[in-house]
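Q: The following comprises the amino acid sequence and a computationally predicted model.
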Number of protein chains: 2
Amino acid sequence: MTDRALLPTGLEDVLPIDAQYEASVADHLMSTFASLGYDRVKPPMIEFEDNLLQGSGEAISAQTFRVMDPASQRMLGIRPDMTVQVERIACTRLVNAPRPLRLSYTGQVLRVKGSQLRPERQFGQAGVELIGSDAHSSDCEVILLAVEALTNAGAKNLSVDLGLPSLVPAICESLDIDDETKSQLRTALDRKDAASVKALGGKAADLFSILLDSAGPAKQAIETLKSLKLDGKAQSLCQSLISVYELAISQSPELNITIDAVENRGYEYHTGVTYTFYAKGARGELGRGGRYVAGSGEAAVGFTLFIDSLMRALPKAQAPEKLFVPFGTDAQESAKLRQQGNITVNGLQDESDVSAEAKRLGCSHIFLNGKIEPLVG
Amino acid sequence: MTDRALLPTGLEDVLPIDAQYEASVADHLMSTFASLGYDRVKPPMIEFEDNLLQGSGEAISAQTFRVMDPASQRMLGIRPDMTVQVERIACTRLVNAPRPLRLSYTGQVLRVKGSQLRPERQFGQAGVELIGSDAHSSDCEVILLAVEALTNAGAKNLSVDLGLPSLVPAICESLDIDDETKSQLRTALDRKDAASVKALGGKAADLFSILLDSAGPAKQAIETLKSLKLDGKAQSLCQSLISVYELAISQSPELNITIDAVENRGYEYHTGVTYTFYAKGARGELGRGGRYVAGSGEAAVGFTLFIDSLMRALPKAQAPEKLFVPFGTDAQESAKLRQQGNITVNGLQDESDVSAEAKRLGCSHIFLNGKIEPLVG
């Protein structure tokens, strides 16, 4: 027999008062999404594995727990991510719903292995997908929505890092750089390895070096991007980043934006501007998203927030005040106290010292002789 | 490749507006639990299988999906039920928390097979456990809490069926009825098979027949139970049922209570009074619970509500009203509309006919010239 207190590594029991806090944070996120017309959907925890591994799901295939389904005699996957599921809903059950389609979701996901930055193998996601618009205003809407949701949930000192992972491939393509070099170049750029970038870049070495150097605060990076001589797809990608930035900053002038036009890690699936959300001082990213092409061929943007990372960026949970209601108190009276907003804790039997009992149970107040009295000491 | 629209049997995508409705129903349940001092906990979706199969978990062992954990090289189970997990938390991590300990939970569970009454293989549970009190007032508290929570969530015409599954075994024991006959008798009683009960009951045939006949509205059943000549454990069990009933009805005189003292199905784990919750006209039970002995040896009561069953007992979801905010509207103005409680849907590009666009997107109102106007037709 396993020790009952033992849980597999990366899995945990969330206890009072943290579990309540986490739930209320997820509620805040979902309410903000709903306030901008994002309708909630709820895909299942588990589905046919090949449907989970499509599109952006492919990258986390190795992270997916699989079980045999006796009903269908086929393999099911426990979702390691919800974004693929929500995109699937948009492209199947809701294929005839008017576009742009705004969907939101929250739920738990499971992964086979934790990472260094996130040892948890189960965590909550909350996010949105906006399907069917290629306008820069849709990028801008979801970026500012994520920031508004995180702010409403209590996060402070937020910043957004804008990326453009398809820019480097577009430049490589226009310059006929071979695949081997392209892949080495990507790695060098992701590692911010300026020497290798210079060595591998060929005739575009200067351009890549400038892009690498430009990463940082948006105002300066945008100046650099505007000064670049690009053409074709690279030019239009670059212009989309500039437009999204300018729209976002015009609507939210206080927003702290950084730009890294060459970063690629984890954004292989994205086709336009990407967004990564941070809070100053908090470990890892709070969420990420960007522009992609849905399975239906539709232009789409979305983001997902990681509730575990967000909890680490928030102040500690505060225990609520509780009111002890001694045994024998009239049930109607006790119900009235709850209607007034009190949390009541019923005494279940006669106690000689009700105040001591109330304190033992962690109550802050006691209901005595028809009155709410604070417990002292 | 699997058709993307295809989900395994018994699993579903919950779509707008049902997903939001379901989430708000779970919120209502949890808020009611919290208002009586039940602190939320959140166990993981998956844990070592033998910990899931302890106590009441044993009965649904065959319903548990299992996966190999590469990290521990051991079998994990995906939870088919949360009650065992919450009881585990009470007996391990919270073993030193003051008693009585009040815990609440909600979350999704997965089962290998659906049943006839519940074809779903994934559904939500929400419930409470009250650990460390053998007082009848604790049975009464959780029964009335379930009814209050269901009522707050919108359920109507509720009824509670009280049971006493350990009564028949106690009578059998006191009469030295052999195990073979005892088991046949249980089956006959569960099937309400009066002829077999008479044939199998031996010298207790009359007693069992009276118990079987007594099932129904509480007032009459209680009269019958009070008239029985029992002794030892059977007498004390019967008295506990009577006391719990009398306490509950004194606190909630309008509550519709029925009693079935011989029903056993699904309550093998319970040691005292059991409770099953119904809504008139809704298929199946909304929830169930009862008194048991926790792994720590402590007296405990609890119940779990089935959110899928509850949803079937509630009126249909209502779509919220949405306000279309044409492209180019000032972001601050749009934020103000949301602060006033509106759901805003941003136009993402210039439209020649904004009213038509607003209607196409399912909005009920439009923000024009600084005013909220209803959309007609």
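A: Structure received. Residues are numbered from 1 along each chain as shown, chains lettered A, B, ... in the order given.

Q: Residue A:344 bridge partners, please.
A: Counting by DSSP bridges, residue A:344 forms beta bridges with residue A:323.

Q: check contacts around it.
A: When contacts are counted by C-beta atoms under 8 Å, 6 or more residues apart in numbering or on different chains, residue A:344 touches A:322-325, A:334, A:337-338, A:367, B:35-37. (Each C-beta comes from the backbone N, C-alpha and C, glycine too.)

Q: so what's residue A:292 up against?
A: Neighbouring residues of residue A:292 by C-beta under 8 Å, 6+ apart: A:55-56, A:269-272, A:300-302.

Q: How about residues contacting the strand or helix carrying residue A:355?
A: Using DSSP states H and E, the element containing residue A:355 is helix A:354-360. Residues outside helix A:354-360 that contact it (C-beta under 8 Å, 6+ apart) are A:324, A:326, A:345, A:347, A:351, A:365-366, A:368, A:375, A:377, B:98.

Q: again, only this time at 6 Å
A: Contact with helix A:354-360 is made by A:324, A:326, A:351, A:366, A:375, B:98, as judged by C-beta atoms under 6 Å, 6 or more residues apart in numbering or on different chains.

Q: Can you add distance to residue B:175, neighbour count and secondary structure and give the residues you listed back as TSV?
A: Output for the contacts of helix A:354-360, formatted as TSV (distance: C-beta to C-beta, whole Å; neighbours: other C-beta atoms under 10 Å in any protein chain shown; DSSP: H, G, I helix; E, B strand; the rest coil):
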residue	distance to residue B:175	neighbour count	secondary structure
A:324	45	28	strand
A:326	43	17	coil
A:351	40	15	coil
A:366	49	22	strand
A:375	52	16	coil
B:98	42	12	coil
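
Q: Which member of those is positioned nearest residue B:129?
A: Closest to residue B:129 out of the contacts of helix A:354-360 is residue B:98 (14.8 Å), distances taken as C-beta to C-beta.

Q: My understanding was that that closest one contacts residue A:361; is that so?
A: Yes: in this structure, residue B:98 is within contact of residue A:361 by C-beta atoms under 6 Å, at 5.4 Å.

Q: who are the neighbours in contact with the closest residue to residue A:121 other than its chain neighbours?
A: With sequence-adjacent residues excluded and distances taken as C-beta to C-beta, 6 or more residues apart in numbering or on different chains, residue A:121 is closest to residue A:10, at 3.3 Å. Taking C-beta under 6 Å, 6+ apart, we find residue A:10 in contact with A:114, A:119-121.

Q: Farthest pair within the residues you listed?
A: The span of the contacts of residue A:10, defined through C-beta to C-beta, is set by A:119 and A:121 at 7.9 Å.

Q: between those two, which one's more packed in?
A: Shown here are residue A:119 and residue A:121; by other C-beta atoms under 10 Å in any protein chain shown, residue A:121 has more neighbours (25 against 12).

Q: Strands - which of the contacts of residue A:10 land there?
A: Among the contacts of residue A:10, no member falls in strands (criterion: DSSP state E).

Q: how about those in JSON lines, adding distance to residue B:199 and pLDDT?
A: Shown next, in JSON lines, are the contacts of residue A:10 (distance: C-beta to C-beta, whole Å; pLDDT from 0 to 100):
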{"residue": "A:114", "distance to residue B:199": "61", "pLDDT": "90"}
{"residue": "A:119", "distance to residue B:199": "62", "pLDDT": "90"}
{"residue": "A:120", "distance to residue B:199": "59", "pLDDT": "94"}
{"residue": "A:121", "distance to residue B:199": "56", "pLDDT": "97"}
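
Q: okay, now residue A:195: neighbour count?
A: 9.

Q: Quick one: mean pLDDT for the helix or strand where it lies?
A: Using DSSP H and E, residue A:195 sits in helix A:194-200. Helix A:194-200 carries an average pLDDT of 93.

Q: same question, stretch A:319-334
A: Stretch A:319-334 shows a mean pLDDT of 96.

Q: Run the chain-centre distance for that stretch.
A: Chain-centre distance of stretch A:319-334: 39 Å, with C-alpha atoms, centre = their mean, to the nearest Å.

Q: now what about it, what contacts it?
A: Contacts for stretch A:319-334 (C-beta under 6 Å, 6+ apart): A:17, A:342-347, A:349-350, A:354, A:358, A:363-367, B:37, B:251.

Q: ok, now stretch A:39-46?
A: With C-beta under 6 Å, 6+ apart as the criterion, stretch A:39-46 contacts A:76, A:78, A:85, A:89, A:103-105, B:11, B:13-16, B:19-20, B:108, B:110, B:122.

Q: Residue A:252: what's it in contact with?
A: Residue A:252 is in contact with residue A:144, counting by C-beta under 6 Å, 6+ apart.
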